[in-house]
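> quick one: sequence and predicted model below, then my questions.
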Amino acid sequence: MDASDCHVAKTGDTKTRDYVLDISRNIAYVYRMKNDIEPANKGETAFDADDLNLISLAQEYSDEDKARKLFESWRWPGGKPICPRCKFDESYKITSKPDTKNKVRKGLYYCAACRKPFTATVGTVMEASHIPISKWMMAFFLICSSKKSISAHQLHRMLKVTYKTAWFMAHRIRYAFGGDTTKLTGTVEVDETFVGGKGEAKTNFSRHVPVVALIQRGGKMHTRVVSNVSQKNLGQCLAECVDKSAIVNTDNHDAYKPALKEYKRHDTVNHSRDEYYRINPDGSIATTNSAESFFSLLKRGVYGSWHHVSREHLPKYANEFAFRWSNSKMTDGARMAVGIPMIEGKRLMYRKPAN
Ligand SMILES: [Zn+2]
């Protein structure tokens, strides 16, 4: 290959460092790639995420190269690798020379603009992970498809990774599912519950953590973990998650009332008088039953799968349940295809990076 093939024409800086090979980085072999990433299903029938299940994932995508191609096709749906640093869509593929001992890792690209190497996992929760992509895909599938979640111990046994690794993977995936800032509209049910602790919330209050659920009826939902159920905290949850045009349904908790004056309408149901469902004169229904159903599911996760959740990590557990709730009307494979692109721009680190 002639070095002139590698000329980077995309930057304005042509006087210095106008060849990718000018950089003294250990790049074994660089060639101009076609603009498209290779599809995961090359030469086969069109890929349909609906067809994805545990069997097809284990049979077809346990191969690391195939798993990476599938992952790249979800990560970059436009078909071109996008640099995670400068968002430029022209890149070069880096591969090892056939006879070299120092092989570069697979799936490595080189940005034509900022001239830095990247893979599909850079800038995501999977960055710097040594776990094969095929195992990550399996973990995503298991979490996306388990209605009452899955414990780190079970992931550790099923994926043949250490317990610590399984715990970190699960937490990274849960973290990826958060951060949706879409405001809820239409009829929105808002309710709060206490998660964790033993006995009555009143007697052992410090161990019970309040979780607020905000659910657009028949649509998406958001959760917020708050320090206490105060007027200020609930007002902030509503301001962050619910559009002012929404009709909001709550129970008769007084703390909701001031904040909800600015919204289109506020309907309450009086749980203390055993009122859980009411048909308004205009035919609309006032209830918080969707929120109650969500809390039952979340608590099944706490009692049945995780056994203990810390206050610090509870927002991530709630994210996971909210993600499945928001994307419940689809197949497990399609839910995974929705979940994986959410890893973009989210990097979870428990320790400060060294640099
Ligand atoms: Zn770049």
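Here it is on my side, so go on. Because the structure is a prediction, the values reported are computed rather than measured.
> how about the helices in this structure?
54-60, 64-75, 133-145, 152-159, 163-176, 231-241, 289-300, 314-326, 332-339 (DSSP state H).
> low pLDDT regions in the protein?
Filtered on pLDDT under 70, the chain yields the residue ranges 1-46, 197-206, 349-355.
> and it, which residues reach the ion?
Applying the criterion C-beta under 5 Å from the ion, the portion of the chain that neighbours the ion consists of 83, 85-86, 88, 111, 113-114. Every C-beta, even on glycine, is put in place using the N, C-alpha and C of the backbone.
> if we use 6 Å, what do you get?
Taking C-beta under 6 Å from the ion, the part of the chain that reaches the ion is made up of 83, 85-86, 88, 111, 113-114, 116.
> need those in JSON lines (columns: distance to Thr182 and neighbour count).
Supplementary listing: these in JSON lines, determined by distance: C-beta to C-beta, whole Å; neighbours: other C-beta atoms under 10 Å:
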{"residue": "Cys83", "distance to Thr182": "26", "neighbour count": "22"}
{"residue": "Arg85", "distance to Thr182": "26", "neighbour count": "13"}
{"residue": "Cys86", "distance to Thr182": "26", "neighbour count": "14"}
{"residue": "Phe88", "distance to Thr182": "27", "neighbour count": "16"}
{"residue": "Cys111", "distance to Thr182": "30", "neighbour count": "25"}
{"residue": "Ala113", "distance to Thr182": "31", "neighbour count": "17"}
{"residue": "Cys114", "distance to Thr182": "30", "neighbour count": "15"}
{"residue": "Lys116", "distance to Thr182": "32", "neighbour count": "15"}
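> of all the residues you listed, which two lie farthest apart?
Comparing all pairs in these by C-beta to C-beta, the longest separation belongs to Phe88 and Lys116, at 10.4 Å.
> now the residue in the stretch 151-300 of the chain positioned nearest to the ion. Nearest residue, chain neighbours left out?
Proximity to the ion, evaluated over the stretch 151-300 of the chain using C-beta to the ion, is greatest for Ala176 at 22.1 Å. Take Ala176 and drop its neighbours on the chain: the residue closest to it by C-beta to C-beta, 6 or more residues apart in numbering is Ile343, 4.4 Å away.
> okay, now Trp136: neighbour count?
Trp136: 23 surrounding residues under other C-beta atoms under 10 Å.
> any idea how far Leu70 is from it?
Taking C-beta to C-beta, to the nearest Å as the measure, Trp136 falls 11 Å from Leu70.
> likewise for Phe118?
Distance from Phe118 to Leu70, counting by C-beta to C-beta: 18 Å.
> which parts of this protein are strands?
Along the chain, counting by DSSP state E, strands occupy 30-32, 91-94, 108-111, 117-118, 187-195, 209-216, 221-225, 247-251, 265-269, 277-279, 285-287.
> I'd like those strands written out as JSON lines, with distance to Trp306 added.
As requested, the strands of the chain are arranged in JSON lines below (distance: least, C-beta to C-beta, whole Å):
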{"stretch": "strand 30-32", "distance to Trp306": "46"}
{"stretch": "strand 91-94", "distance to Trp306": "40"}
{"stretch": "strand 108-111", "distance to Trp306": "37"}
{"stretch": "strand 117-118", "distance to Trp306": "34"}
{"stretch": "strand 187-195", "distance to Trp306": "10"}
{"stretch": "strand 209-216", "distance to Trp306": "13"}
{"stretch": "strand 221-225", "distance to Trp306": "15"}
{"stretch": "strand 247-251", "distance to Trp306": "27"}
{"stretch": "strand 265-269", "distance to Trp306": "30"}
{"stretch": "strand 277-279", "distance to Trp306": "31"}
{"stretch": "strand 285-287", "distance to Trp306": "29"}
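> quick one, which of those strands is nearest to Asn53?
Nearest to Asn53 among these is strand 221-225 (25.4 Å), distances taken as C-beta to C-beta.
> what's the angle from that closest one to helix 314-326?
For the pair strand 221-225 and helix 314-326, the angle between their directions (axes from the mean of the first three to the mean of the last three C-alpha atoms, to 10 degrees) equals 170 degrees.
> for strand 221-225, packing partners?
strand 209-216, helix 231-241, helix 314-326 (3 or more C-beta pairs under 8 Å, 6 or more residues apart in numbering; DSSP states H and E).
> and Ser305, what does it touch?
Counting by C-beta atoms under 8 Å, 6 or more residues apart in numbering, Ser305 makes contact with 146, 148-151, 154.
> can we see that at 10 Å?
Ser305 sits next to 146, 148-154, 317 when contact means C-beta atoms under 10 Å, 6 or more residues apart in numbering.
> again with Phe294
Applying C-beta under 10 Å, 6+ apart to Phe294 gives the contacts 189, 191, 193, 211, 213-215, 221, 223, 288, 318, 321-322, 325.
> now do 8 Å
Counting by C-beta under 8 Å, 6+ apart, Phe294 makes contact with 213, 215, 221, 321-322, 325.
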